[in-house]
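Asks: Structure of the sequence below:
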Amino acid sequence: MTLIGMLHHRKDPKTVIKSYAYAVVAKAEGANFIYFTPGGVNFVNSTIRGKLYENGNWIERIMPFPDVIYNAGSPEKLAKSKEIIKKLKEKIPFTTNSIGNKWSVHERLKEAKEFSNYLIPTEVVKDTEGLFKFITAFKKIVFKPIDGRKGQGIFFISKKGDVFHVVKDSDSQHYSKQRLSALISEKISSETHIIQPYIQSLTKSGQVFDFRLHVQKNGEGKWVITTIYPRIAPMGSIIANINNGGYTNYLDPFLEQEFKENAFNIKRTLEHFSLSLANHLDELQMIQYGEVIDEIGIDIGLDQNHKIWIYEVNWRPGCPPAFYLELDVVIHTIQYAMYLAKHQNTIKAKINALKKKSIEEKQDIPIIAITGSAGKTTSKAFLASILSKKWNIFESKDYWNTTEHTKKHAAEINESHQAIVLEYGMAYPGVITEHCRIIKPNISIVTNVGLAHVGNFNDDIKGVAHAKSELIHGMDQKGVLFINKDDPNSKYLETKKFKGKIITTGIKSTADYRAYQIKYAENGMNFKMKLRGEEITLFIPILGEHHVYNALNAIAVADYLGFTAMEIKAGLLFRKPPRRMTIYNCRDNITVIDDTVHSHPQGVRAAIDVLTNIGKRRNIAIIGQMRELGGLREEEYRKVGEYVINKKVDILITYGFRTNEIGSQAKTKGFSPENVYHFTNRDELHELLLKLVKKGDTLLVKGASKTNMFDTVKFLDQTFN
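Replies: Purely as a prediction, here's the structure:
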């Protein structure tokens, strides 16, 4: 006869109402039942001192170790006995194992391609800046504690103009950015919080609702639906949780009222989804922990397109309220406990098979290499940010793109990584071939072919393209190649013999992935594009149309790898590489744009575009040297001088050897001579800036890192801080 043990933190079963039901049902199912606490466990003689329910009373008994344990106590209160519980788990199967808090469940589901599509992008709030970026991207967000329960501590935040609308429970207030920042800082200093886009499910009458899907395992070890029911918030509230005034309804009449002819299909969809997700979470538990789970409650919403979104998943969700289903829940639990006790060998064999399959599936992971004359680091940062929303990735450090760096990366990559994202730099022929010999990619991106290092290729752009093509020749020939269709020099890339798939990106040309309606926003760019036939609006927290191209590279690869539009949207809120369009907001409304990592003609023009788009009063361009242009230097400097003429640049300052050619050409084409300056001495440049800079000015500092233009950024920041 199977002996089922109920483990709880309370000593007296009379204070645990459900213990009666479990004891009675166990007896009816032909099993013995004992209630016990960790203090009643004796590992010396493998016995438990607990209580049996006999003739309407709880009688203390000492029994041998149970065949199976139902863990019903509070995880927090049982934590002090974790060593006892750990030793019990080594000897006895547990029906119930924790799947973690909201965040850990979310992290598990991200790994599943079939279910990540239903996840609402979720971020841990590290600082207020991250939260404000999230609001800019998603417009309406939810801010809540990571371990919150029963709908407590949830804030709904939206923005209109410069004002933030904040709703908590039934209280609604308007906040300034400063006041909201103070609130968020206070909350995250005392407890970990997460943010999500606000996905709203509304009835025809305008009330917020969600669905609770309650599933359990039965006496055959199979997942079954205990119940599915809607929860409706009171009018004016945005939380449907029962503990916050929400109420329940029966499923069929609710679906018929709200969805009419779609009611049947939606019901079947909810049933299929609940069982599929339960099976998947169970398999993840087996693979990762060698354990099984027996019961979960899934809270979901339906958007206006009837798409399912997972709000949260709870283990041990408790009995559904007001539906008289307590007995069903208990019967499933007891029957499954009896199954678990008798089929341990079968379950262990399944766990081993799943672990073996998981290892085999990890063999062929995406190895992504990025090269190009511009945009490598930013494209890599965008892509790594998106992929990390779901996978454990290896990402090369910013600007670590030499072959020596790639050798170090090869030594650091291990079996835990689910994707690899690298940038391959080069200044001479043969370098990228060496990169590919060290780590051979199966996905490659060539951002563009420009004039960076052209002086090392006999001043011939085709030589640069040939060197970039080493990535195409050195990668997996059945892999996937992403190229920029708008870049005129990318036509020189050697793709004819490539046997893999070529995917294009662009803005001006018709491409596989094309961005349009590009607009400058606060500290970033907004644009639209179509993903899988659906138009979406995206935001990147970095200025410049050229960075939209970099984002497109990442979007295209992520979409190819099966990432959802929501995951992509959240991933684009990346950690911007340092000194790439970094904005310094100084006193007297003075703005400094720092773009001082690399400098080549294409990048200088892009930076000037940013200056003229965000400058509100006078625009001052400070342009440093562009290196390795070889015999093309004079011609390219003159082209930059001509480019300034048609832009809203009020003052042009050049710094470094021969950069005066930029200003000379600008003056020749009509730029006011009195507003052109040239320096080879940094101190003299800084003395001019002290006299020149006025309230409301916007200054661009652009130059290669080897010319130390960042010193001028630091000077401006310290002077006008």
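Asks: going forward, measure contacts and count neighbours with C-alpha atoms only.
Replies: OK.
Asks: Which elements pack onto the strand or helix carrying His473?
Replies: Using DSSP states H and E, His473 maps to helix 470-474. For helix 470-474, the packing partners by 3 or more Cα pairs under 8 Å, 6 or more residues apart in numbering; DSSP states H and E come out as helix 431-438.
Asks: Just give me how far the helix it packs on sits from the chain centre.
Replies: Averaging C-alpha positions (Cα atoms, centre = their mean, to the nearest Å) puts helix 431-438 31 Å from its chain's average.
Asks: How about residues contacting the helix holding His473?
Replies: Residues outside helix 470-474 that contact it (Cα atoms under 8 Å, 6 or more residues apart in numbering) are 371, 430, 432-433, 436-437, 440-441, 444, 481, 494-495, 498.
Asks: buried residues in it?
Replies: Within helix 470-474, the residues that count as buried by 16 or more other Cα atoms under 10 Å are Glu470, Leu471, Ile472, His473, Gly474.
Asks: after it, next one along is what?
Replies: Scanning forward in sequence from helix 470-474 by DSSP H and E, the next helix or strand is strand 480-484.
Asks: related to what we said a few turns ago, and the buried residues of helix 470-474 as a markdown table, adding distance to Lys356 and pLDDT?
Replies: Listed next are the buried residues of helix 470-474 as a markdown table, based on distance: Cα to Cα, whole Å; pLDDT from 0 to 100:
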| residue | distance to Lys356 | pLDDT |
| --- | --- | --- |
| Glu470 | 37 | 97 |
| Leu471 | 34 | 97 |
| Ile472 | 34 | 97 |
| His473 | 34 | 97 |
| Gly474 | 32 | 97 |
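Asks: Now that we have these, can you turn them into CSV and tack on distance to Met338?
Replies: Putting the buried residues of helix 470-474 into CSV (distance: Cα to Cα, whole Å) gives the following:
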residue, distance to Met338
Glu470, 62
Leu471, 59
Ile472, 59
His473, 60
Gly474, 58
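Asks: which one of the residues you listed sits closest to Glu636?
Replies: Glu470 (26.2 Å; Cα to Cα).
Asks: So Ile622: helix, strand or coil?
Replies: In three-state terms, and counting by DSSP: H, G, I helix; E, B strand; the rest coil, Ile622 is strand.
Asks: Correction: the previous question concerned Tyr336.
Replies: With three-state DSSP as the criterion, Tyr336 reads helix.
Asks: next one: phi and psi at the closest residue to it other than its chain neighbours?
Replies: Excluding the flanking residues, the one nearest Tyr336 by Cα to Cα, 6 or more residues apart in numbering is Gly219, at 4.4 Å. Gly219 adopts backbone torsions of phi -70, psi -10, taken as degrees, to the nearest 10.
Asks: if I pick Gly219, what's in contact with it?
Replies: His332, Ile334, Gln335, Tyr336, Ala337, Met338, Tyr339 are the contacts of Gly219 under Cα under 8 Å, 6+ apart.
Asks: Now with 7 Å, please.
Replies: Applying Cα atoms under 7 Å, 6 or more residues apart in numbering to Gly219 gives the contacts His332, Gln335, Tyr336, Tyr339.
Asks: and what of Phe115?
Replies: Leu109 are the contacts of Phe115 under Cα under 7 Å, 6+ apart.
Asks: Number of residues surrounding Gln344?
Replies: Using other Cα atoms under 10 Å, Gln344 is surrounded by 13 other residues.
Asks: Which residues belonging to stretch 16-30 are considered buried?
Replies: Of the residues in stretch 16-30, Ser19, Tyr20, Tyr22, Ala23, Val24, Val25, Ala26 count as buried by neighbour count, 16+ other Cα under 10 Å.
Asks: Kindly report the same for stretch 304-313.
Replies: Buried, per 16+ other Cα under 10 Å, within stretch 304-313: Ile308, Trp309, Ile310, Tyr311, Glu312, Val313.
Asks: would a markdown table of these with distance to Ile62 be doable?
Replies: Shown next, in a markdown table, are these (distance: Cα to Cα, whole Å):
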| residue | distance to Ile62 |
| --- | --- |
| Ile308 | 49 |
| Trp309 | 48 |
| Ile310 | 45 |
| Tyr311 | 44 |
| Glu312 | 40 |
| Val313 | 37 |
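Asks: which of those residues lies closest to Pro75?
Replies: Nearest member of the buried residues of stretch 304-313 to Pro75, counting by Cα to Cα, is Val313, at 16.3 Å.
Asks: Now do the contacts for the residue lying closest to the closest one once chain neighbours are set aside.
Replies: Excluding its sequence neighbours, the residue lying closest to Val313 (Cα to Cα, 6+ apart) is Ile298, at 4.6 Å. For Ile298, the contacting residues are Arg212, Leu213, His214, Glu312, Val313, Asn314, by Cα under 7 Å, 6+ apart.
Asks: so which strand or helix has Ile298?
Replies: strand 295-302.
Asks: Give the partner strands of that strand in its sheet and their orientations.
Replies: According to DSSP bridges, strand 295-302 has the following sheet partners: strand 209-217 (antiparallel), strand 308-315 (antiparallel).
Asks: Would you single out the least confident of the ones you listed?
Replies: Looking at the strands paired with strand 295-302, the lowest mean pLDDT belongs to strand 308-315 (a mean of 88).
Asks: hmm, who's touching that one?
Replies: Strand 308-315 is contacted from outside by 98-99, 102, 105, 118-120, 295-302, using Cα under 7 Å, 6+ apart.
Asks: Now do the SS call for Ser181.
Replies: Strictly by three-state DSSP, Ser181 counts as helix.
Asks: how far away is it from Ala21?
Replies: In this view, Ser181 and Ala21 are 49 Å apart by Cα to Cα, to the nearest Å.
Asks: before we move on, back to that, show me what the residue nearest to Val313 is bridged to.
Replies: Leu213, Val313.
Asks: Distance of it relative to Trp309?
Replies: For Ile298 relative to Trp309 (Cα to Cα), the value is 10 Å.
Asks: follow-up on the earlier one: so which of the buried residues of stretch 16-30 are in helices?
Replies: Ser19, Tyr20, Tyr22, Ala23, Val24, Val25, Ala26 (DSSP state H).
Asks: Can you read off the pLDDT for the third one?
Replies: Tyr22 carries a pLDDT value of 95.
Asks: Just give the nearest non-adjacent residue to it, would you?
Replies: Once flanking residues are discounted, Tyr22 sits nearest to Val330: 6.0 Å by Cα to Cα, 6+ apart.
Asks: May I ask which helix or strand encompasses that neighbour?
Replies: Here Val330, judged by DSSP H and E, is contained in helix 326-342.
Asks: Checking the residue nearest the centre of the chain next. Helix, strand or coil?
Replies: Among the residues of the chain, Lys389 comes closest to the average C-alpha position under Cα atoms, centre = their mean, at 3.1 Å. Following three-state DSSP, Lys389 is assigned to coil.
Asks: gap between it and Leu109?
Replies: When distance is defined by Cα to Cα, Lys389 is 11 Å away from Leu109.
Asks: what about the residue lying closest to Lys648 once chain neighbours are set aside, how many neighbours?
Replies: Once flanking residues are discounted, Lys648 sits nearest to Thr612: 5.2 Å by Cα to Cα, 6+ apart. Each residue near Thr612 was counted by other Cα under 10 Å, and the total is 21.
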